[in-house]
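Enquirer: Any chance you could fold what I've pasted below:
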Amino acid sequence: MRVRDFQPSDTAACLRIFDGNVPQYFHREERAAYAEFLADLPGPYLVVEDGTRAVVACGGLAIDPERRRADMCWGMVDAARHRQGVGRLLLVERIGRARAMPGIAVIRLNTSQHTTGFYARFGFELRGVLRDGYAPGLDRCDMELVLMPA
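Expert: Next up is the predicted model:
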């Protein structure tokens, strides 16, 4: 497995990964917003390739230097690759990239209730929950990892 920067030619593979994670992790109506995001990235976006060079995960960061913050964006793993360490590899890389950016004090993300435990294992703390925040039965959970005290 290797992590590399997203290329526009990865768009179809990333959309396929998104589609494979609907409805458990994403709502179908989010697909258009995700496609727009891929067309105009707010910061580094990464993909994970397997040994055959197939894209099996993707996720990125939106950097806000004025707020000293990096927001994790659109992280996902091919549904057939869940619980195989792919998400861990991608998350560790994204945390490492955020830590390497001067002045970034906190990493924030929002996710569903299905993945809060995964992020908590890496030190992210739950800051709020909006029931049905994404769709009925799909809560929005806001989490953050403090890199540097304020």
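Enquirer: in this structure, which spans are strands?
Expert: Applying DSSP state E to the chain gives strands spanning 2-5, 45-49, 55-64, 69-77, 106-111, 125-135, 138-146.
Enquirer: Can you point out the buried residues in the lengthiest helix in the chain?
Expert: If you go by DSSP state H, the chain has its longest helix at helix 86-100. Of the residues in helix 86-100, those buried under the neighbour-count criterion (16 or more other CB atoms under 10 Å) are 86-87, 89-91, 93-95, 97-98. In this view, the C-beta of every residue, glycine as well, is placed from N, C-alpha and C.
Enquirer: who's in contact with stretch 75-87?
Expert: Applying CB atoms under 8 Å, 6 or more residues apart in numbering, the contact partners of stretch 75-87 are 1, 14, 16-18, 20-21, 25-26, 48, 50, 56-60, 90-91, 94, 109, 118.
Enquirer: Give me the distance between the two termini of it.
Expert: Looking at stretch 75-87, the gap from its leading to its trailing residue is 8 Å under the measure CA to CA, to the nearest Å.
Enquirer: Just give me the residue right at the centre of the chain.
Expert: residue 75 (2.2 Å; CA atoms, centre = their mean).
Enquirer: Quick check: which ranges of the protein have low pLDDT?
Expert: Residues of the chain that meet the criterion pLDDT under 70 lie in 150.
Enquirer: Now do the spatially closest residue to residue 41 that is not a sequence neighbour against residue 6, distance only.
Expert: Across the structure, with CB to CB, 6 or more residues apart in numbering as the measure, the residue nearest residue 41 apart from its sequence neighbours is residue 60 (6.6 Å). Between residue 60 and residue 6 the computed distance is 7 Å (CB to CB, to the nearest Å).
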